[in-house]
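K.L.:
3D, please:
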Amino acid sequence: MTDQPRHAIDDTEAIDDTGPTAGVPRPSVRPPGPWAFPHPSSDWTLDNGLRVLVYDVPGQYVISASLVVPLPLSAEPREVEGVASLMSQLLDEGTARHDSEEFAALLERHGMALSAAVNDGALMVDLDVPVRHLTTALALVTEALAEPAFPEDEVRRLRTARLAEIEQERASAPHRAARELMATLWAPYERAARPTAGAPSTVASVTPGHVRDFHAERVGPQGAGLVIAGALADLDVRAAVEATVGEWRAPAHTPAVSSMAPDLAVDAARVVLVDRPGSVQSEIAMGWRGPDRHVSGGWAPYPVIGFLIGGSPTARIDAVLREEKGYTYGLRTGVRPRRAGGLVLTSGSVRADATVESLQLLSDLLDPTNVTFTPEELRSGVDFIAGTAPGRYATADSIAAEAASLLMDRLPLDFTTSTRAATLALSAEELTSAYAALAPQRWCLVVVGDAAEYADPVRALGIGQVSVVAS
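P.N.:
Predicted structure coming up:
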């Protein structure tokens, strides 16, 4: 990796020749130098089918490792949806060799932080450990992946915790809005229309047998990837990996098939009001189908579009609804890629008494016929997205996370570098065209708040068919 760009200082330029600073040289800021996302120092595939990438990051003595197993949520049995999320949380809750307390003590003794989770397309296991304990840490991760015990008491505990979490999410306006948006936007037969971690009826049905069977069938090294980043120059990483993760076998594993982008619901372009009488704020979620990072024409325009529309306090939405009107503390827009397809999302809360006008303003601001990006906006967005990349990928954990996401999405390892170069070359016209192709004439729109106060005025806006559901 080349050095991160720094502001070059020219101490020969004196500009101010009057006042108390007369004659004092003023530094000038030069454009940053070239930058590229690092190439792995090693890249090989183990005999068990696991691909390994190693990034030597000098000075980073806490090693970060990210392991990705392709695992689309559509592989879950319908009647026990949520089993994948529970399985991921149970990986460090006891193995064939160590019970839950013993395994936790080993993690603590070696200064390890181990976590696992699932998203729409993969199981992700993340590890941070001091460099001197890397081999031990990899051995424990292998044990968790290959020999999890899934004890009945731990399954029961985490199942109960998930059911309680669902109740908490119902009480949270942002969670409630997100849940309703997904259920409204995507076709009802799509897994994306239902909560990642499952619904009450399906979670309550999960047994230790379901977890064991799902793990045996869906978690294995074939097609998976492991990224290790940190100060590794003095370690024989290959030997450590082959002696640990290289011994992982999963004879019943069925590698995941490629994910397909979810279908929209036939009536996705409508307004759903989730009624919460007495609410002093209204939580808004507006969404539509978006691209993934394989999109034709390249991914570069979409992070810039999100930043300019609603990615900062100076973006278009906040410039009107926050700074000019004072209706909100802030709303955010982003283009969120999934493994296949994606989501364009605008979300945030507004004052209850400003709900109707906020919806009208948002509809106008996000209307593709009204959006033309200026050269000044282009420069602001490109400078932020491209200019902050070296800082975003300056640490071992961020490098490991980005490389793991490239493996998960089956993208080339130079994707981050080439996308940044394409970002720097964007024109305002390209941004405008990309947004016009992205945004619909009418959005899928969810509002959580006191529906009785604004249901009829919202209908009068003409932004879509309006329905009201109970909280």
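K.L.:
helix or strand: which one has the residue nearest the centre of the chain?
P.N.:
Centre of the chain computed as the mean C-alpha position; nearest residue by C-alpha atoms, centre = their mean is Arg336, 7.2 Å away. Under DSSP states H and E, the secondary-structure element containing Arg336 is strand 330-337.
K.L.:
how much space is there between Gly82 and Ala250?
P.N.:
When distances are taken as C-beta to C-beta, to the nearest Å, Gly82 and Ala250 turn out to be 22 Å apart. (Glycine included, C-beta is placed from N, CA and C.)
K.L.:
helices or strands up against the helix or strand following the strand holding Arg336?
P.N.:
For strand 330-337, the succeeding helix or strand toward the C-terminus, using DSSP H and E, is strand 342-351. Here strand 342-351 is seen to pack against helix 173-185, strand 281-290, strand 330-337, helix 355-366 when contacts are counted using 3 or more C-beta pairs under 8 Å, 6 or more residues apart in numbering; DSSP states H and E.
K.L.:
and the angle from the longest one to strand 342-351?
P.N.:
Orientation check (axes from the mean of the first three to the mean of the last three C-alpha atoms, to 10 degrees): helix 173-185 against strand 342-351 gives 140 degrees.
K.L.:
try the shortest one
P.N.:
With the same axes, to 10 degrees defining the directions, strand 330-337 sits at 170 degrees from strand 342-351.
K.L.:
give me the angle between strand 330-337 and strand 281-290.
P.N.:
20 degrees.
K.L.:
so which bits of strand 330-337 are buried?
P.N.:
Buried positions in strand 330-337, judged by neighbour count with 16 or more other C-beta atoms under 10 Å: Leu331, Arg332, Thr333, Gly334, Val335, Pro337.
K.L.:
Serialize these to JSON lines and add fields for pLDDT and distance to Pro208.
P.N.:
Listed next are the buried residues of strand 330-337 as JSON lines, based on pLDDT from 0 to 100; distance: C-beta to C-beta, whole Å:
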{"residue": "Leu331", "pLDDT": "96", "distance to Pro208": "43"}
{"residue": "Arg332", "pLDDT": "96", "distance to Pro208": "40"}
{"residue": "Thr333", "pLDDT": "97", "distance to Pro208": "42"}
{"residue": "Gly334", "pLDDT": "96", "distance to Pro208": "38"}
{"residue": "Val335", "pLDDT": "97", "distance to Pro208": "40"}
{"residue": "Pro337", "pLDDT": "96", "distance to Pro208": "34"}
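K.L.:
which pair in those residues spans the largest distance?
P.N.:
Using C-beta to C-beta, these reach their maximum pairwise distance at Leu331 and Pro337, which is 20.6 Å.
K.L.:
for the chain, give me the ranges with low pLDDT.
P.N.:
1-21 (pLDDT under 70).
K.L.:
quick one: secondary structure of the closest residue to Val118 other than its chain neighbours?
P.N.:
In space, not counting the residues next to it along the chain, Val118 is nearest to Ala84; the distance is 4.7 Å by C-beta to C-beta, 6 or more residues apart in numbering. Three states are possible here, and by DSSP: H, G, I helix; E, B strand; the rest coil the one that applies to Ala84 is helix.
K.L.:
OK, contacts around Ala84?
P.N.:
Residues in contact with Ala84, defined by C-beta atoms under 8 Å, 6 or more residues apart in numbering, are Leu71, Leu73, Ala75, Glu76, Val118, Leu123, Phe214, Arg218.
K.L.:
burial of the third one, as a residue count?
P.N.:
Around Ala75 sit 17 other residues, with neighbours defined as other C-beta atoms under 10 Å.
K.L.:
I am finished for the moment; much appreciated.
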